[in-house]
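*Asks:* Have a look at this prediction, sequence included:
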Amino acid sequence: MVTSLLARLAELDPGGQWSNRPRSSLANVFCPWQPNTSAPVEQREATLERLRRQHPTVPWNLLVSMLPNAHGTQMVHRGPDYRDWKLSEGVVTREEYARVVNSVAEALIEDVGGDAGGQVPAGGVRVSVFLTVSHQPERVD
């Protein structure tokens, strides 16, 4: 529900200078190495698929932000101080990280029509998707 609301806000967002935008919030929730959610990986993957179907203009930049990036940063949120409902944050294993990155890469390839070297306009900027097989972690099913 929260991700659907954030996606809808992202569709309506006029942009701006502040970093706390709906797209940034989605990227923080789905960050593959430090997700800001208690949802297990299976639920996050199902939610991403639902977002791709229900809000087709939103997920492209989100998925690109989830690819490995040596300069990526993440804002970690502590959670609420007044309630103890938040589950303890588990460690993201290499297998889980590889699973998320592989599913994101597959979704991007699917969105560009199966052409891994294809280019898709993303907010006025052309983004290329290049997958280097030699640097991909072993696929975990």
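*Replies:* All right, it came through fine. Computed from a predicted structure; not experimentally measured. Residues are numbered from 1 along each chain as shown.
*Asks:* low-scoring stretches of this structure, by residue?
*Replies:* Residues of the chain meeting the criterion pLDDT under 70: 70-90, 114-141.
*Asks:* mind running it again at 50?
*Replies:* Along the chain, segments meeting pLDDT under 50 span 115-141.
*Asks:* Measure how buried Pro68 is and give me the count.
*Replies:* 14 (other CB atoms under 10 Å). Glycine gets a C-beta too; all of them are placed from N, C-alpha and C.
*Asks:* ok so it is a strand residue?
*Replies:* No - counting by DSSP: H, G, I helix; E, B strand; the rest coil, Pro68 falls outside a strand, being coil.
*Asks:* Now the phi/psi pair for it, please.
*Replies:* For Pro68, the backbone dihedrals (degrees, to the nearest 10) come out as phi -60, psi 140.
*Asks:* Glu45 too?
*Replies:* Per-residue torsions, Glu45: phi -60, psi -40 (degrees, to the nearest 10).
*Asks:* Name the single longest helix found in the chain.
*Replies:* With secondary structure taken from DSSP state H, the chain has its longest helix at helix 94-111.
*Asks:* how much space is there between Ser6 and Cys31?
*Replies:* No, residue 6 isn't Ser; it's Leu. Going from Leu6 to Cys31 by CB to CB, to the nearest Å gives 14 Å.
*Asks:* what do you get for Glu106?
*Replies:* Distance from Glu106 to Cys31, by CB to CB: 18 Å.
*Asks:* neighbour count winner among the two?
*Replies:* Applying other CB under 10 Å to Glu106 and Cys31 shows that Cys31 carries more neighbours, namely 20 against 13.
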